[in-house]
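**Student:** output the structure for:
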Amino acid sequence: MTATRAAQTGEDARPWLAHYPPAVPHQLDEARIGTLESLIRWSCATYANRPAFESFGKTISFAETLRAAEAFAGWLQAQGLQKGDRVALMMPNILAYPATIFGTLIGGFTVVNVNPLYTARELTHQLNDAGARILVVIENFAHVVEEAWPHLKLDTAVVATAGDLMGFKGTIVNFVARRIKKVVKPFALPGAARLRDILSRTAGMKPAAIAPEDVAFLQYTGGTTGVAKGATLTHRNVAANVQQAGLWLEWTLEPPQGQGAYQHVMVTALPLYHIFALTCCCLFLLRIGARSLLIANPRDIPGFVKTLKASRFTLISGVNTLYNALANHPEIGSVNFGELRFAVAGGMATQAAVARHWKAVTGRPIIEGYGLSETSPVATINRPDIQEFTGTIGYPIPSTDIAVRDGDGNDMPAGEPGEICIRGPQVMRGYWNRPDETAKAMTADGYFRSGDVGVMLPDGQFKIVDRMKDMILVSGFNVYPNEVEDVLAAHPGVLESAVIGLPNEHSGEVVAAFVVRKDQVLTAEELRAYCKENLTGYKVPKQIFFRESLPKTNVGKVLRRALREEVVAQR
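**Tutor:** The predicted structure is shown next:
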């Protein structure tokens, strides 16, 4: 692949630098990028007595979190694990999660984050591909591990509960959780340990010699496009991204006058096993000494709103579907958004209609960013001082270059679509044990090929058009599902939608829309007429399917692939 951008230098190649906030430097001091171990230890010492994490009304301090992490690290070392060995974590957002993440990292091991909703087949693939030796799983999903156990190559499993690290309150939380989840059948995991027993011991950990280039995470991608691959993220990759996010955002987070001990609180609804929440709602909060309000089940919107009504918070992160569900809840007006500094969105495109509704409800715009598991994840963010939703993914953050390229590797001029390619210290080392996939994803000049179609605007902001694999080709014309979904979302009778291409013998493909109605009397004819007013003819959905819900990942991303497979299976 040839690349013209490699020959360009200075701000001509980076028009975004002229639009940086004055307080934000153009580059990181890369000599100061350390390890996540040093970040964890520094933060837990600096903010020792501050509350670090909150779950089900119980908070633990930074110092308590570190003590639990050291106990877990010591236990891992006692099991004979060596530096770099993989430890898999399969939990929702509970207090045990950050404690085990930090313990794995400070012990010199590699974290493999696992979606707790995985089936036995998916779990087997990921754990065996990663070569994990230990798995920590919340008891609610231990039966899946039991099913997969004969096919796994683990040394042992550790069983956690929602009530771990909560003291007596944990007994009540576990009792309620078991009743809700109907956990009545005992599971059989040979030699499994209880996390509460491990964390009750003294640490006994030995210092680990950890270098910036050591692997911190195998962050598996996939779920929307195919078989998951492990993005190999080093301590340096993720620590750099935490520092980049800090430079971009911290200047807006000064405490109000006269409130020197003011602490920010982030509503952490996205699961920590997802790279967005991991970096932005956990590790970034360490850097600024903020508290993370952990939401274990964000799909329970009534329960989520109840928590928000009872909580003080200053920051929130989410995806389009989550913001849409919250803004449409009948009790959202009872939530106090008075201290909210900003709401950050990523993971999927934010629709303009959702952003307008959110601003009307909260008084704050959604600040959209962009990134991938392979980029630790943040590559671009809107300026945090915007007053209105921009519809862009913002500017590249410090020390990040972005090019928009055609299929031959040539840079496209501003306004012309092409593949977004990213270079910076946050870009992964490669895919775990997949040199073939790494070679496909990386360019000769060090850019990661995202697979997303985007354009650069004249001022250096970027705008996502769509996933390359999701693009629909109608009689030779490109149709991007995001554009059609934006139009559908603006109809007052639509709650959410997903658009895919279906095979057609005359035009190659036709546009099909799957719609969840807000107004049950809405008809396909009415919706198609609305689309004709806002889209050129070949972009208008030829088929409209009304559904009660859309298939989504646990993060809330709509699974277009699952819809395509569903339609094909019915034919």
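
**Student:** what does stretch 243-260 rub up against?
**Tutor:** With contact meaning CB atoms under 8 Å, 6 or more residues apart in numbering, stretch 243-260 is reached by 21, 23-25, 28, 32-33, 261-262, 264, 279-280, 284, 287-288, 341-342, 378, 381, 384-385, 397-400, 424-426. For every residue, glycine as well, the C-beta is placed using N, CA and C.

**Student:** quick one: contacts for residue 111?
**Tutor:** Neighbours of residue 111 in contact, by CB under 8 Å, 6+ apart: 86-87, 89, 101, 104-105, 216-218.

**Student:** would TSV of those residues with distance to residue 137 be doable?
**Tutor:** Shown next, in TSV, are the contacts of residue 111 (distance: CB to CB, whole Å):
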residue	distance to residue 137
86	15
87	12
89	8
101	14
104	14
105	19
216	21
217	18
218	17
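
**Student:** show me those that map onto strands.
**Tutor:** Here DSSP state E is the test, and the contacts of residue 111 give 86-87, 89, 216-218 as lying in strands.

**Student:** element containing the closest residue to residue 301 other than its chain neighbours?
**Tutor:** Of all residues not flanking residue 301 in the chain, residue 325 sits nearest, at 5.0 Å (CB to CB, 6 or more residues apart in numbering). Per DSSP states H and E, residue 325 falls inside helix 320-327.

**Student:** go on, residue 316?
**Tutor:** Here residue 316 is assigned to strand 315-318, by DSSP H and E.

**Student:** that strand - what's its average pLDDT?
**Tutor:** Average pLDDT, strand 315-318: 96.

**Student:** name the residues of that strand that are buried.
**Tutor:** 315-318 (16 or more other CB atoms under 10 Å).

**Student:** still on that earlier bit, need the contacts of residue 111 in CSV with neighbour count and pLDDT, can you?
**Tutor:** Shown next, in CSV, are these (neighbours: other CB atoms under 10 Å; pLDDT from 0 to 100):
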residue, neighbour count, pLDDT
86, 22, 98
87, 26, 98
89, 24, 98
101, 28, 98
104, 27, 98
105, 27, 98
216, 26, 98
217, 28, 98
218, 25, 98
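
**Student:** nearest to residue 125, of those residues?
**Tutor:** Distance to residue 125 across those (CB to CB) is lowest for residue 218, with 12.8 Å.

**Student:** enumerate every residue touching the nearest residue to that closest one once chain neighbours are set aside.
**Tutor:** Nearest residue to residue 218, sequence neighbours excluded (CB to CB, 6+ apart): residue 230, at 4.0 Å. Contacts for residue 230 (CB under 8 Å, 6+ apart) come out as 112, 126, 129-130, 218-221, 431-434.

**Student:** who's residue 230 bridged to?
**Tutor:** residue 220 (DSSP bridges).

**Student:** do you know the pLDDT at it?
**Tutor:** Confidence for residue 230, expressed as pLDDT, is 96.

**Student:** quick one: it from residue 120, how far?
**Tutor:** 19 Å (CB to CB, to the nearest Å).

**Student:** which ones are touching residue 358?
**Tutor:** Going by CB under 8 Å, 6+ apart, the list of residues near residue 358 reads 323, 326-327, 343, 364-366.

**Student:** and the helix or strand residue 305 falls within, average pLDDT?
**Tutor:** Taking DSSP H and E as the definition, residue 305 sits inside helix 301-309. Mean pLDDT, computed over helix 301-309, is 97.

**Student:** quick check: buried residues in it?
**Tutor:** Buried residues in helix 301-309 (16+ other CB under 10 Å): 301, 304-305, 307-308.

**Student:** just the closest of those to residue 550, please.
**Tutor:** Nearest to residue 550 among the buried residues of helix 301-309, with distances taken as CB to CB, is residue 301, at 14.9 Å.

**Student:** can you show me the helices along the stretch 101-250 of the chain?
**Tutor:** 120-130, 142-148, 168-181, 195-199, 235-249 (DSSP state H, counting those that start in this stretch).

**Student:** residue 150: neighbour count?
**Tutor:** Neighbours of residue 150 under the rule other CB atoms under 10 Å: 8.

**Student:** what sits against it?
**Tutor:** By CB under 8 Å, 6+ apart, residue 150 has no neighbours at all.

**Student:** for residue 32, same thing?
**Tutor:** So residue 32 contacts residue 243 (CB under 8 Å, 6+ apart).

**Student:** rerun that using 10 Å as the cut-off
**Tutor:** Residue 32 makes contacts with 239-240, 243, as judged by CB atoms under 10 Å, 6 or more residues apart in numbering.

**Student:** ok, now residue 554?
**Tutor:** Counted by CB under 10 Å, 6+ apart, residue 554 has contacts 92, 115-118, 223, 270-271, 273-274, 298-299.

**Student:** low-confidence ranges, the protein, go.
**Tutor:** When residues are selected by pLDDT under 70, those of the chain lie in 1-12, 180-187, 222-227, 258.

**Student:** per the record, what domains does the chain have?
**Tutor:** Domain assignment of the chain by automatic domain parsing yields the ranges 6-456, 471-570.

**Student:** with distance to residue 464 added, can I get those in TSV?
**Tutor:** Output for those, formatted as TSV (distance: least, CB to CB, whole Å):
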stretch	distance to residue 464
domain 6-456	5
domain 471-570	7
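
**Student:** most packed of the ones you listed?
**Tutor:** Of the domains of the chain, the one with the most neighbours on average (mean count of other CB atoms under 10 Å) is domain 6-456, at a mean of 19.

**Student:** check the offset of it from the chain's centre.
**Tutor:** Relative to the centre of its chain, domain 6-456 is centred 6 Å away, using CA atoms, centre = their mean, to the nearest Å.

**Student:** rewinding a little: can I get the contacts of residue 32 in CSV with distance to residue 498?
**Tutor:** Converted to CSV, the contacts of residue 32 look like this (distance: CB to CB, whole Å):
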residue, distance to residue 498
239, 36
240, 34
243, 36
